[in-house]
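Colleague: coords please:
(chains A and B)
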Amino acid sequence: MRIATFNINGVVKRLGNLLDWLAEAKPDVVCLQELKAADPDFPAAALAAAGYGAVWRGQRTWNGVAILARDAEPILTREALPGDGDDRQPRYIEAAVNGVLVASLYAPNGNPQPGPKFDYKLAWMARLHAHAEELIAAGVPVVLAGDYNVTPEPRDVYPTRSYDDNALNQPEPRAAYARLLAQGWTDALRSLNPEEEQLYTFWDYRRNRWERNGGMRLDHLLLSPAAAERLEEAGVDREVRGRENASDHAPVWVRFAEA
DNA sequence: ATGTCGAGCAAAGCTCGA
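Modeller: Predicted coordinates for the structure are as follows:
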């Protein structure tokens, strides 16, 4: 079983890119972020024709998350992150697929920092921490996949000073990410590549950062213990980032042993 | 400070977010 996460940066604009990658990679489950589409505009019919059932929560212009399942319908278990009933930004969706509980999340970017957007980022991470605590206590296989908008460590940023003030690389969000791991989650990609420096998943459109490999590692799959014990392989489909009309993120995926 | 990209608004370029 393979589960992937992909910040698509506009699911309508990049539907062709998505369908091409689905046909090649054939992931069993896909967590999408930054749909940037209202719910009625989500391309459910095209994805169904490609063999994928879907649940999604969208919004015009910004945010939006979805979970796709190959030859299956994801069973929706949650459509928002608990802890703030006034938060209307679609950044979290959760579903059961083939015995695994899967969440697709899009953490706030938080720039510029300091400021209200950074405060919202930290508050959102605290809400994620509280919910993740409940999920891990359930003892079932859980995958928290998405764009965390955090580089876990300095080595997850290419060697540069130009990102020093970026919200993604500050001590507070890194500490929030570390607190998640301390609950018992496994950072799948890092756990299988403990020494690798260049595990980037995002390259900004500006300043030729793709061509220069000026990337960051922002997209993570966190595994509960019951999921981690089945982990066999993890990777980044880097070449997808170099294609025509590409998202600024590449897909990241894990492969599990069959239960 | 800059860069790129896309969408929205509104009718073409600006503004905003990332």
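Colleague: use CA for all of it now, contacts and neighbours both
Modeller: Will do.
Colleague: does the residue nearest to A:A95 when sequence neighbours are not counted belong to a helix or a strand, and which?
Modeller: Distance criterion C-alpha to C-alpha, 6 or more residues apart in numbering; nearest residue to A:A95, sequence neighbours excluded, is A:L76 at 4.3 Å. Using DSSP states H and E, A:L76 maps to strand A:75-78.
Colleague: helices or strands up against that strand?
Modeller: The contact analysis (3 or more C-alpha pairs under 8 Å, 6 or more residues apart in numbering; DSSP states H and E) places strand A:75-78 against strand A:92-97.
Colleague: using CSV, list the CA coordinates for the following helix or strand past the strand it packs on.
Modeller: Following strand A:92-97 in sequence order, the next helix or strand is strand A:100-106 (DSSP H and E). C-alpha atoms of strand A:100-106 as CSV (Å, rounded to 0.1, in the frame of the first residue of the first chain):
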residue,chain,number,x,y,z
VAL,A,100,-5.7,3.2,7.8
LEU,A,101,-6.8,6.5,9.2
VAL,A,102,-5.4,9.2,6.9
ALA,A,103,-5.3,13.0,7.4
SER,A,104,-4.5,15.5,4.7
LEU,A,105,-3.3,18.8,6.3
TYR,A,106,-2.2,22.2,5.1
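Colleague: circling back to that earlier point, got the CA coordinates for the strand holding A:L76 in PDB?
Modeller: C-alpha atoms of strand A:75-78 as PDB (Å, rounded to 0.1, in the frame of the first residue of the first chain):
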ATOM      1  CA  ILE A  75     -14.800   7.200   4.600                       C
ATOM      2  CA  LEU A  76     -14.800  10.800   5.900                       C
ATOM      3  CA  THR A  77     -14.100  10.900   9.600                       C
ATOM      4  CA  ARG A  78     -13.400  14.600  10.200                       C
END
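Colleague: partner strands of that strand, with direction?
Modeller: Partner strands and pairing direction for strand A:75-78 (DSSP bridges) are strand A:92-97 (antiparallel).
Colleague: could you pull up the mean pLDDT of the partner strand?
Modeller: Averaged across strand A:92-97, the pLDDT comes to 98.
Colleague: what does stretch A:189-201 give?
Modeller: 97.
Colleague: now it: buried residues?
Modeller: Neighbour-count burial for stretch A:189-201 flags A:L189, A:R190, A:Q198, A:L199, A:Y200, A:T201 (criterion: 16 or more other C-alpha atoms under 10 Å).
Colleague: chain center to that stretch, what's the gap?
Modeller: 16 Å (C-alpha atoms, centre = their mean, to the nearest Å).
Colleague: quick one: contacts of stretch A:98-112?
Modeller: With contact meaning C-alpha atoms under 8 Å, 6 or more residues apart in numbering, stretch A:98-112 is reached by A:5, A:31-34, A:63-67, A:91-96, A:117-121, A:124-125, A:140-149, A:166-168.
Colleague: ok, the residue of the stretch 151-259 of chain A found nearest DNA strand B to A:P251 distance?
Modeller: In the stretch 151-259 of chain A, no residue comes nearer to DNA strand B than A:R206, which is 3.3 Å away by C-alpha to the nearest atom of the strand. A:R206 sits at a distance of 20 Å from A:P251 (criterion: C-alpha to C-alpha, to the nearest Å).
Colleague: who has more neighbours, these two?
Modeller: Between A:R206 and A:P251, counting by other C-alpha atoms under 10 Å, A:P251 is the more crowded of the two (27 against 8).
Colleague: you'd agree the more buried one is up against A:R238?
Modeller: Yes: the pair A:P251 and A:R238 qualifies as a contact (C-alpha atoms under 8 Å) at a distance of 7.3 Å.
Colleague: spit out the residues that contact the two alike.
Modeller: What both A:P251 and A:R238 touch, as defined by C-alpha under 8 Å, 6+ apart, is the set A:T201.
Colleague: by residue count, tell me the biggest helix in chain A.
Modeller: helix A:116-137 (DSSP state H).
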